[in-house]
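Colleague: can't give you the sequence, but here's the structure:
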């Protein structure tokens, strides 16, 4: 199966690199969005839970990236595990896109051209990841 000239395995590999890049770039988000001063206003337990959840998301994104970059052929081999795993990753990224537009309060988003450009790049990346893993899940399903 080829999509815009790339095989599904190549797209998974690109998606892996993109997710590793996303994880590295995410290290700047607390500074860009002023998390530390904002979290001074909440109880210590809430602050600890927030940082824990943020760390889990960072590690999940990094692991999805490493898995995809290092084992892209295993993610499209048509096994039940490959189907379920690519389906899970697709659901993860689709839900991330929906959260961006249906849950986050956009009134408090940072303003400025650089922030808007960064958000646009992230949304395009989230949509790309949603499409790639959805296609991989479908590809695996059709092989089984």
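Modeller: Happy to help now that I have it. Fair warning: this is a prediction, and the values are worked out from it, not measured in the lab. Numbers count the residues shown, from 1 in each chain.
Colleague: neighbours around residue 129, how many?
Modeller: 28 (other C-beta atoms under 10 Å). The way it works is simple: take the backbone N, C-alpha and C, and place the C-beta from them, glycine included.
Colleague: wait, isn't it in contact with residue 95?
Modeller: No. Look at residue 129 against residue 95 with C-beta atoms under 8 Å: they stay out of range, at 11.4 Å.
Colleague: if we look at stretch 108-128, which residues are touching it?
Modeller: Around stretch 108-128, the neighbours that count as contacts under C-beta atoms under 8 Å, 6 or more residues apart in numbering are 15, 18, 22, 32-33, 93, 96-97, 100.
Colleague: err, stretch 36-44, not the other one
Modeller: The contact list for stretch 36-44 (C-beta under 8 Å, 6+ apart) reads 30, 46-47, 50-51.
Colleague: Can you give me the first-to-last residue distance of that stretch?
Modeller: Distance across stretch 36-44, first residue to last, is 12 Å (C-alpha to C-alpha, to the nearest Å).
Colleague: Report the buried residues of that stretch.
Modeller: If you call a residue buried by 16 or more other C-beta atoms under 10 Å, then stretch 36-44 has these buried ones: residue 39.
Colleague: Centre of the chain to it, how far?
Modeller: Centroid separation for stretch 36-44 versus its chain: 26 Å, with C-alpha atoms, centre = their mean, to the nearest Å.
Colleague: Would you mind checking the average pLDDT for it?
Modeller: Across stretch 36-44, pLDDT averages out at 95.
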